[in-house]
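*Asks:* Return atomic coordinates for the entry below.
(one chain, ligands or ions: 1)
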Amino acid sequence: MAALLLRTSRGLGACLRVATGCPSPSSCVVAAWSSARWPREGAVAWRTHAQVRHYSSSDKLSIDMDDKTGVAVLKLSNPPVNSLSLELLTELAIGLDKLEMNPSCRGVIMTSAHPHIFSAGLDVSEMMGKPTEHYREFWRAVQEMWLKLYGSSLVTIAAINGSSPAGGCLMAMCCDYRLMADNPKYSIGLNETKLGIVAPFWFRDTMMGVVGTRVTERSLQLGLMYSPAEAVHVGLVDRTVPEETVFEEARTEMARWLKIPDHARQITKSMMRKTTIDHLLAQRDSDISNFANFISKDSIQKSLTAYMQALRQPKK
Ligand SMILES: CCCCC/C=C/C(=O)SCCNC(=O)CCNC(=O)[C@H](O)C(C)(C)COP(=O)(O)OP(=O)(O)OC[C@H]1O[C@@H](n2cnc3c(N)ncnc32)[C@H](O)[C@@H]1OP(=O)(O)O
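*Replies:* As a prediction, the model looks like this:
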C-alpha cells in the first residue's frame, strides 16, 4: 500500500501517511487512480516538442512539462492582470493535480506570462453582485487551489515577475521558494483590509509560516504591500534578482532543490504544513459559509464597489 501511494498519490498527505505507516482512506487511492488517467478526453490539448509536453485546457494557463529535467513551468495568462477567476482557479487546481500525478514531474516554477503583474489576486468581480451559490462555488475553488498548491509534494518555486497583491501573494507564499524581480514599482502583500475585507485564517496561517507571527499581524492589520526590497527584509520573498533574470534564476534555484532526495524533502515539507492543511480541511464547509455570508453583506458589497471604482480612476 505504501508503495502504491507513493507512486500514485504524491500530495503531502500521502507522504506523511507513508512516513508514519498510517492507513489511507480508500477514497484517496480512488482519486489518485482516476486523476492518473489524464489527459482527459477532449479537455486537454497535447503538443510534444522533444521532451517538453504542453498541456492546458484553458488559454488562461499554460503548463509545459519537461520530462528530461522533471520541471514544469506554469504560466498565468489571464489578461489584463491575471486575476483569479473561478475558471482560472479551477484550471490551476486541475493542472497542479495532473503534475502531482505525473511520475516524471519533480518541480514546478510558477510565473506570469504578462510582464509587470504576477497576479492581482482574486477576481473581485466574482465577489460582487452574485447569488450566494456563486460565492460558495467560488470560495470552494479558492480553497481547492490552495490545497493543491500548499499541499503539493513537488518543489514549488514562484518566479514573481510583477506585482502580487492578496491572492497573488497567497499563491507565491504557498511555494517553497520565492524570487522577485527587483523593480521598485512592484509590490507584494496581503492587502485585504484595504478592501474592507478580512483574509481568512488559512491565508494568515500561510503567511505566518513564511514570515512569523509579528510580521503577519502587522501586515494583515495594515494591509501592507511591500516593495521587493522590503519583502526580502521581512522574509516574505527569499531573494530579489534583476528583472530579466527572474526565470533563469528560478531554474538555477530549482536545480539546487532537486539535489535533495524527493522522499526526505517531501516528508519534511509535509511535517511542516500538515497542521495548517488539516485546519482548513476540518472547517472547509463552515469556512465556505462564513465567506458567503460575509461577502453578501451590503456593507461589504459597498466597500468592494468603492474599491473597484477607485481602481478604475486614472492613475496619477
Ligand atoms: C472574506 C473575504 C476574503 C477574500 C480574500 C481576498 C483576496 C483577494 O485576492 S481580493 C483581490 C485583491 N486585489 C487587489 O486589491 C489588486 C487590485 N489591483 C491592483 O492593485 C492593480 O490593478 C495592479 C497593481 C494589480 C495592476 O495595476 P495596473 O497595471 O495599473 O492595472 P489597473 O489597475 O489599471 O487594472 C487593469 C484592469 O484590471 C482590473 N483589476 C485589477 N485588479 C483586479 C482584481 N483583483 N479583480 C478584478 N479586476 C481587477 C482593474 O479594475 C482594471 O479594469 P478596467 O478599468 O476595467 O480596465
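*Asks:* Could you pull out the strands in the stretch 51-200 of the chain for me?
*Replies:* With strands called from DSSP state E, counting those that start in this stretch, the stretch 51-200 of the chain shows them at 52-56, 61-66, 71-76, 107-112, 116-117, 155-160, 162-165, 177-181, 188-189.
*Asks:* What parts of the stretch 151-300 of the chain come near the ligand?
*Replies:* With C-beta under 6 Å from any ligand atom as the criterion, the stretch 151-300 of the chain meets the ligand at residues 163, 165-167, 191-192, 195, 197-200, 291, 294-295. Just so you know, the C-beta spots here come from the backbone N, C-alpha and C atoms, and that holds for glycine as well.
*Asks:* Mind picking the lowest-pLDDT entry from those?
*Replies:* Lowest pLDDT of these: Leu195, 92.
*Asks:* Which residue, other than its chain neighbours, is closest to it?
*Replies:* Tyr307 (4.8 Å; C-beta to C-beta, 6 or more residues apart in numbering).
*Asks:* show me what contacts that neighbour?
*Replies:* 124, 194-196 (C-beta atoms under 8 Å, 6 or more residues apart in numbering).
*Asks:* Quick check: the farthest pair among the residues of the stretch 151-300 of the chain next to the ligand?
*Replies:* Put simply, by C-beta to C-beta the two of those set farthest apart are Ser163 and Phe294, 25.5 Å from each other.
*Asks:* What is the burial count for the nearest residue to Val241 once chain neighbours are set aside?
*Replies:* Spatial nearest neighbour of Val241, chain neighbours left out: Glu249 (4.5 Å); criterion: C-beta to C-beta, 6+ apart. For Glu249, the neighbour count with other C-beta atoms under 10 Å is 17.
*Asks:* Okay, and Glu249 sits in which element?
*Replies:* Assigned by DSSP states H and E, Glu249 belongs to helix 246-257.
*Asks:* which residues of the protein score low on pLDDT?
*Replies:* Low-confidence segments of the chain (pLDDT under 70): 1-10, 13-50, 55-57.
*Asks:* In it, which helix is the longest?
*Replies:* Once the chain is assigned using DSSP state H, the helix that runs over the most residues is helix 262-282.
*Asks:* now the angle from that helix to strand 155-160?
*Replies:* Going by axes from the mean of the first three to the mean of the last three C-alpha atoms, to 10 degrees, helix 262-282 is angled at 70 degrees with respect to strand 155-160.
*Asks:* Quick one: residues contacting the residue nearest to Leu89 when sequence neighbours are not counted.
*Replies:* Distances taken as C-beta to C-beta, 6+ apart place Ala141 nearest to Leu89, at 4.1 Å, with adjacent residues excluded. For Ala141, the contact set (C-beta under 8 Å, 6+ apart) comprises 86, 89-90, 93.
*Asks:* how many neighbours does the nearest residue in space to His134 that is not next to it in sequence have?
*Replies:* Once flanking residues are discounted, His134 sits nearest to Glu126: 7.5 Å by C-beta to C-beta, 6+ apart. The tally of other residues near Glu126 (other C-beta under 10 Å) stands at 21.
*Asks:* now swap in Pro314 and tell me
*Replies:* 4.
*Asks:* In a strand, it, correct?
*Replies:* No: with DSSP: H, G, I helix; E, B strand; the rest coil as the criterion, Pro314 is located in coil rather than a strand.
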